[in-house]
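**Q** Mind folding the following:
(one chain, ligands or ions: 2)
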Amino acid sequence: MPTTPPPRRIAALIVAAGRGVRAGGGLPKQYRIVGGRTVLAHSAALFLGHPRVEHVAVVIHPDDEALYREAVAGIRGLLPPVMGGATRQASVRAGLEALASHAPDAVLIHDAVRPFATGDLVTRVIEALSTNRAVLAASPVADTLKRGDAEGFVADTVSREGLFAAETPQGFHLDVILDAHRRAAAAGVEVTDDAALAEWAGIPVRLVAGARSNIKLTSQEDIAVADRRLQGEALLEAGETRVGTGYDVHPFTDGDAVWLGGIRIPHEKTLAGHSDADVALHALTDALLGAIAEGDIGSHFPPSDQQWRGASSDRFLAHAVGLVTARGGRIVNLDLAIIAEAPKIGPHRDAMRARIAEIAGISTGRVAVKATTNEKLGFVGRREGIAAIATATIRLPFES
Ligand SMILES: Nc1ccn([C@@H]2O[C@H](COP(=O)(O)OP(=O)(O)OP(=O)(O)O)[C@@H](O)[C@H]2O)c(=O)n1
Ligand SMILES: C[C@](O)(CO)[C@H](O)COP(=O)(O)O
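**A** Ligands and ions are numbered 1, 2, ... in the order given. So this is what the prediction gives:
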């Protein structure tokens with residue numbers, strides 16, 4: 001059990017001062033773009049977005065100051081970068097010395113080049129720090145392990161029983177790990193991770209479940225795989241675009257006004273229909289239903305059903321909007337064309353756009369209302385009725 005109380009103030013230290021020799025040199029791998037942003041930006045975002053992490057510092061190579069500035073442009077909340085050393089261990093020590101002035105109780109040490117660590121993993125490490133001074137995220141080794149000989153043959157098979165692959169973040173009470181690093185440096189002890197230094201210092205290291213997906217980008221192939229994986233995840237998050245169309249017609253009958261686009265327009269006739277006969281809202285309703293492949297207005301509001309007699313058509317459109325939002329979707333835009341010899345639509349266009357936007361819960365800028373005559377051709381041209389055509393574009397969470 002720890003001799004110190006559970007840590008309250010937690011800092012993250014991201015080491016990013018390596019040269020990436022195994023990935024082929026050139027641009028260090030922490031500055032390569034995967035899934036649309038640098039590897040380092042993915043790692044920084046994880047800790048900056050975690051509610052328990054108060055400070056985040058990055059250790060960089062002195063040659064990389066310009067690369068670093070570019071990689072974190074637009075990212076807020078990072079402490080000034082710390083200059084690293086020739087080895088990972090030296091870089092961590094430099095970072096810990098710098099963090100000490102902020103006096104966190106505990107520190108989470110993370111490789112910049114592990115962009116797949118998750119908030120849940122960070123939380124697991126933090127929670128284990130309540131009762132342990134050193135915590136290691138690790139996954140049981142799943143492959144059969146072989147030791148090779150100098151000639152390139154298998155010397156023997158190594159039991160994987162009880163073996164774990166160490167990951168980051170690794171969490172420590174700050175005083176414990178800083179002391180271990182200082183003493184190891186003085187003693188010339190060099191290891192590949194910070195848990196190994198805690199072990200060397202005689203501190204029990206608690207294992208918590210890591211994730212096999214939390215890979216360290218080591219080779220060029222790792223970077224290419226990470227890019228494909230993150231792009232795939234981004235596509236899934238972005239969802240998909242759907243488009244639907246709607247068409248409706250209503251004939252004129254005796255009356256003194258028409259309902260069009262949710263607006264009452266005085267006219268020498270009215271439109272006949274089971275409901276208020278608002279062709280524009282009916283076409284928009286069908287366009288939305290088409291975008292989600294949910295039948296048509298008649299299947300949701302059958303003309304045989306007396307409850308819809310004289311109904312105000314904003315209810316139909318609102319229903320279709322509700323079906324879209326219930327599926328986690330949102331409306332990108334609605335485009336409406338009204339085909340009528342009369343009444344004139346122009347004077348009412350803005351009022352219609354505002355009303356449709358209100359019903360759909362979107363801004364007016366996402367609603368277009370256009371009008372045309374039918375050049376005196378056909379039933380519209382003979383002033384026997386009004387037609388409307390609508391297109392709806394929506395975004396839905398991706399479905400297979
Ligand atoms: N002197 C060093 C060496 C490594 N690291 C960091 O430690 C993490 C894990 O190291 P590794 O994968 O070995 O990275 P590189 O040292 O860059 O790779 P290589 O050994 O292939 O050069 C990386 O985020 C790396 O930037 C560091 O901060 N300082
Ligand atoms: C710390 C580490 O990520 C644990 O697996 C790893 O040891 C660092 O990378 P390196 O290749 O050993 O430097």
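
**Q** Tell me which residues are up against the lengthiest strand in the chain.
**A** In the chain, taking DSSP state E as the definition, the longest strand is strand 240-254. Residues from elsewhere that reach strand 240-254 (C-beta atoms under 8 Å, 6 or more residues apart in numbering): 269-273, 277, 279-280, 282-292, 297, 329, 332, 379, 383-399. Glycine gets a C-beta too; all of them are placed from N, C-alpha and C.

**Q** close to ligand 1, is the helix or strand bottoming out on mean pLDDT in the chain?
**A** Using mean pLDDT, DSSP states H and E, helix 220-238 stands out as the lowest-scoring helix or strand of the chain, at a mean of 88. No - judged by C-beta under 6 Å from any ligand atom, helix 220-238 stays clear of ligand 1, getting no closer than 9.4 Å.

**Q** Can you list the buried residues in that helix?
**A** Neighbour counts using 16 or more other C-beta atoms under 10 Å place 222-223, 226-227, 229-230 of helix 220-238 among the buried residues.

**Q** residues near E384, how many?
**A** 13 (other C-beta atoms under 10 Å).

**Q** any idea how far it lies from S313?
**A** Relative to S313, E384 is positioned 20 Å away (C-beta to C-beta, to the nearest Å).

**Q** OK, now which residue of the stretch 301-400 of the chain is nearest to ligand 2?
**A** Proximity to ligand 2, evaluated over the stretch 301-400 of the chain using C-beta to the nearest ligand atom, is greatest for F398 at 32.4 Å.

**Q** residues in contact with that residue?
**A** Listed by C-beta under 8 Å, 6+ apart, the contact partners of F398 are 235-236, 238-240.

**Q** Do you have the strands of the stretch 251-400 of the chain handy? List them.
**A** Counting by DSSP state E, counting those that start in this stretch, the stretch 251-400 of the chain has strands at residues 257-260, 263-266, 269-271, 330-339, 367-372, 385-396.

**Q** among the ones you listed, which is nearest V34?
**A** V34 sits nearest to strand 385-396 of all the strands of the stretch 251-400 of the chain, at 24.4 Å, using C-beta to C-beta.

**Q** now the strands of the stretch 251-400 of the chain in JSON lines, with mean pLDDT, distance to A360 and mean neighbour count?
**A** Listed next are the strands of the stretch 251-400 of the chain as JSON lines, based on pLDDT from 0 to 100; distance: least, C-beta to C-beta, whole Å; neighbours: other C-beta atoms under 10 Å:
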{"stretch": "strand 257-260", "mean pLDDT": "97", "distance to A360": "16", "mean neighbour count": "23"}
{"stretch": "strand 263-266", "mean pLDDT": "97", "distance to A360": "15", "mean neighbour count": "15"}
{"stretch": "strand 269-271", "mean pLDDT": "97", "distance to A360": "22", "mean neighbour count": "20"}
{"stretch": "strand 330-339", "mean pLDDT": "97", "distance to A360": "6", "mean neighbour count": "20"}
{"stretch": "strand 367-372", "mean pLDDT": "98", "distance to A360": "7", "mean neighbour count": "18"}
{"stretch": "strand 385-396", "mean pLDDT": "97", "distance to A360": "9", "mean neighbour count": "22"}
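
**Q** Of those strands, which is nearest ligand 1?
**A** When the strands of the stretch 251-400 of the chain are compared by C-beta to the nearest ligand atom, strand 385-396 sits nearest ligand 1, at 35.7 Å.
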